[in-house]
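>>> build the 3D model from these lines:
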Amino acid sequence: MNDQEVYAQINQMVQFIHQEAREKAAEIKLKTDEEFNIEKLRMVEAEKQKIRAEYERKEKQTEVQKRIAQSNSVRASRLQCLKARDDAIQAVLSEAASKLPSLVSASSYSTLLENLITEALIQLADQSVQVKAVAGQETATKKALTAAEAKFKAWATKEMGADWAAGIKVQLDSASLKTGIGGVELVGFGGKITLTNTLQSRLLLAYETQLPKLRAALFS
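Just a heads-up that it's a prediction; the model follows:
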């Protein structure tokens, strides 16, 4: 084999090696590209999952905040409504309280005072009672007390018996009430029980018992 043939054969072998290398390189590149694409898809999908999860978390958080805001708004509205109602009721109570002094100055106050004392005596139902007048109303109270005691004795005779009624002793206490508009305060059973029957206490009692009707009249 001459040099030319040897060179040709070597050249052919080199070309074969180059071809094998190119094919191997192409195979490696193809495999690498496939693995790269698979890894890229995996990473992209993982990021998509993270984004979806974060979006869902923020969406839920937004919904919770929205519900909290709505709940707070409803609560604030209810509280405002309740306050407005309470203010309206308190305004009615204040207006009624402002008219109490006119009851004292009216000509019918002596009858009202007599009825207040009689009612309190019957409710207390004791034989020995001290009656306290509002300061400045001692004379009017003493006058009303005489008639109220007679009515109380008549009631006691019927309900408790004549002997019990005979032992009744109702006196005007020398110590008057320092505060108040009208009415009386009774002390019985040796000072153990005090019964307040002033105009203010009667107003508050009427307010408490008539509150449902008052609410219905104002807000229905």
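>>> do you know how far the residue most central in space within the chain is from P212?
The chain has L79 as the residue nearest its centroid, 7.2 Å off, counting by C-alpha atoms, centre = their mean. Using C-beta to C-beta, to the nearest Å, L79 is found at 21 Å from P212. All C-beta spots, glycine's among them, are computed from the backbone N, C-alpha and C.
>>> ok, A76 next?
Between A76 and P212 the distance is 26 Å, computed by C-beta to C-beta.
>>> wait, A133 sits on L186?
No: the pair A133 / L186 is not scored as a contact, 10.8 Å apart, by C-beta atoms under 8 Å.
>>> I'd guess T196 is in a strand, am I close?
Yes: with DSSP: H, G, I helix; E, B strand; the rest coil as the criterion, T196 is assigned to a strand.
>>> start at 233 instead
Okay, using 233 as the starting number, the last item reads as T428.
>>> look up the closest residue to it, ignoring the ones flanking it.
Distance criterion C-beta to C-beta, 6 or more residues apart in numbering; nearest residue to T428, sequence neighbours excluded, is E417 at 5.0 Å.
>>> in a helix, the one you found, correct?
No: going by three-state DSSP, the assignment for E417 is strand, not a helix.
>>> how many neighbours does it have?
Applying other C-beta atoms under 10 Å, we find 20 residues neighbouring E417.
>>> what bridges to it?
K364, T428 (DSSP bridges).
>>> I'd like to know which elements the longest helix along the chain is packed against.
As assigned by DSSP state H, the longest helix anywhere in the chain is helix 235-330. Applying 3 or more C-beta pairs under 8 Å, 6 or more residues apart in numbering; DSSP states H and E, we find helix 235-330 packed against helix 431-451.
>>> pull out the buried residues from the helix it packs on.
By neighbour count on 16 or more other C-beta atoms under 10 Å, the buried set for helix 431-451 is 431, 434-435, 439, 446.
>>> likewise for stretch 352-372?
Neighbour-count burial for stretch 352-372, with 16+ other C-beta under 10 Å as criterion, is recorded at 352-353, 356, 358, 361-366, 369, 372.
>>> avg pLDDT for stretch 444-452?
Mean per-residue pLDDT for stretch 444-452: 82.
>>> same deal with stretch 257-265?
Across stretch 257-265, the average pLDDT comes to 86.
>>> what is the neighbour count of the nearest residue in space to A380 that is not next to it in sequence?
Closest residue to A380 apart from its sequence neighbours, by C-beta to C-beta, 6+ apart: I349 at 3.7 Å. Residues near I349, counting by other C-beta under 10 Å, number 27.
>>> which helix or strand contains I349?
Under the criterion DSSP states H and E, the helix or strand holding I349 is helix 341-356.
>>> what's the angle from that helix to helix 431-451?
Angle of helix 341-356 versus helix 431-451, following axes from the mean of the first three to the mean of the last three C-alpha atoms, to 10 degrees, is 100 degrees.
>>> contacts for helix 341-356 next, please.
For helix 341-356, the surrounding residues in contact (C-beta atoms under 8 Å, 6 or more residues apart in numbering) are 335, 361, 363, 369, 372-373, 375-377, 379-381, 383-384, 387, 402, 414-416, 418, 420-421, 425, 427, 429, 434.
>>> for stretch 365-372, same thing?
Under the criterion C-beta under 8 Å, 6+ apart, residues 336, 341-342, 345, 373-374, 404-405, 408-410, 412-416, 430 lie in contact with stretch 365-372.
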